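A.B. asks: quick check, what structure comes out for this input:
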Amino acid sequence: MNKILVCGGAGYIGSHVTLSLLRKGQTPVIVDNFANSDPSVIGRLNSLAGVQIECHEVELADEAAVSRTFQEVKPSAVIQLAGLKSVGQSVANPTDYYSVNLGITLNILSAMERYSCDRIVFSSSATVYGEPEYVPIDEAHCVSPINPYGRTKYFQEEIIRDWVAAGELSSAVILRYFNPVGADASGVIGEDPSGIPNNLMPILGDTAAGIRKEVEIFGGDYATRDGTCERDYIHVSDLADAHVAALACDPEDKFEVFNVGTGRGVTVREAIDAYSSALGRPLPERMGARREGDAASSVAANEKIVSRLNWRPLRSFEDACRDDVRWRSQKSKSNSM
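C.D. replies: Numbering: from 1, shown residues only. All right, here's what the predicted structure looks like:
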């Protein structure tokens, strides 16, 4: 039995990747320290999949603990999603981000060498591109991250590139995510951020729930079709499916990078309207000033992943809104019981 080690598999994206692997007949093994995830997600995944998923609570920053896990599990491949992920926190605490994010990946790669595991799919980010020089952004766009979080992603990519070059059989696929949104269509798993969210979809959901008074729009005078910022939002279930496709890929020169996005932008105004439609009522909003560092538009060129991995996004932003509303509704009912 070939086991796929999903590092960070209890998190928002990781839980959907785990579910996609199960639905496609693979055997995922979750490894997580539950610092940014809820252990209850394991039970919900078991319920959805109809099987007991192997799960190990492991501190991936602990090299010895990682080595013991590899010795026990003996995975055939790794999907690496674990790490710290807040841009704001990375600016405030850069040394923590470099130490944790790079340390986790170094520990994983060392264990892979030790236990003859040769394939890794790495969760990267479009933040590695920095300020877009052109849109849509393709994989040839220059890499120039503007914050420590983005730099940790890029440095991990380069560490993995060197690891692949040094190994006779090793290979890697790097997935640069744009903006993951939504939830599984079942409503059983979805995004549940701790603390105050900075991403648009959780803000829309919190406003719908009355946790926030209104949605603040940061600037209405950008060079977009309605003056508000435009982003490429990829449904988390499509993103999860991209990881499964990446596992089957034979990367060129053993190392290959793919953008994961829809190739279509959604403005803040369009996002508010779509979520309001899914909710069945308008969300309160107010126009604010531009926010420093916001680009007018960030949209993926996704032709490479569509052609090379035989993958394409199947779900719309409107689907993501409906799925998020369903997830929040079911979570609210569960919490009130």
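
A.B. asks: only C-alpha atoms from now on, for both contacts and neighbour counts.
C.D. replies: Noted.

A.B. asks: what values do phi and psi take at residue 122?
C.D. replies: Main-chain dihedrals, residue 122, degrees, to the nearest 10: phi -110, psi 130.

A.B. asks: what residues are bridge-paired with it?
C.D. replies: The bridge-partner assignment for residue 122, based on DSSP bridges, gives residue 80, residue 174.

A.B. asks: count of neighbours near it?
C.D. replies: Residues lying near residue 122 (other Cα atoms under 10 Å) number 25.

A.B. asks: could you do residue 50 as well?
C.D. replies: Residue neighbour count, defined by other Cα under 10 Å, stands at 10 for residue 50.

A.B. asks: residue 57 versus that one, what's the distance?
C.D. replies: Computed as Cα to Cα, to the nearest Å, the residue 50 to residue 57 distance reads 21 Å.

A.B. asks: those helices in this structure, which residues are they?
C.D. replies: 12-23, 40-49, 63-73, 87-92, 94-97, 103-114, 148-166, 200-208, 236-247, 268-279, 303-308, 317-336 (DSSP state H).

A.B. asks: isn't residue 98 up against residue 152?
C.D. replies: Yes. In this structure residue 98 lies within contact range of residue 152 using Cα atoms under 8 Å: 6.0 Å.

A.B. asks: who's more crowded, these two?
C.D. replies: Between residue 98 and residue 152, counted using other Cα under 10 Å, residue 152 has the larger neighbour count: 25 against 20.

A.B. asks: can I assume residue 243 is in contact with residue 121?
C.D. replies: Yes. The criterion here is Cα under 8 Å, and residue 243 meets it with residue 121 at 7.1 Å.

A.B. asks: mutual contacts of these two, please.
C.D. replies: With Cα atoms under 8 Å, 6 or more residues apart in numbering applied, the overlap between the contact sets of residue 243 and residue 121 consists of 79, 175.

A.B. asks: and residue 61, how many neighbours?
C.D. replies: Number of residues near residue 61 (other Cα under 10 Å) recorded here: 21.

A.B. asks: spit out the contact partners of the residue lying closest to residue 83 once chain neighbours are set aside.
C.D. replies: Nearest residue to residue 83 in three dimensions, chain neighbours excluded: residue 101, at 5.1 Å (Cα to Cα, 6 or more residues apart in numbering). Shown in contact with residue 101 (Cα under 8 Å, 6+ apart): 82, 83, 84, 152, 153, 156.

A.B. asks: just residue 46 next, same as before
C.D. replies: Taking Cα under 8 Å, 6+ apart as the definition of contact, the neighbours of residue 46 are 52, 53.

A.B. asks: residue 333 versus that one, what's the distance?
C.D. replies: When distances are taken as Cα to Cα, residue 46 and residue 333 turn out to be 20 Å apart.

A.B. asks: one more: residue 194?
C.D. replies: Taking Cα to Cα as the criterion, residue 194 is separated from residue 333 by 19 Å.

A.B. asks: cool, and residue 232?
C.D. replies: 31 Å.

A.B. asks: over to residue 127?
C.D. replies: Noted for residue 127: a distance of 35 Å to residue 333, by Cα to Cα.

A.B. asks: and what of residue 121?
C.D. replies: Counting by Cα to Cα, the separation of residue 121 from residue 333 is 36 Å.

A.B. asks: show me which of those two is the more surrounded one.
C.D. replies: With neighbours defined as other Cα under 10 Å, residue 121 and residue 333 compare such that residue 121 has more, 25 against 10.

A.B. asks: check contacts around that one.
C.D. replies: Under the contact definition (Cα under 8 Å, 6+ apart), the residues listed for residue 121 are 78, 79, 80, 172, 173, 174, 175, 243, 246, 247.
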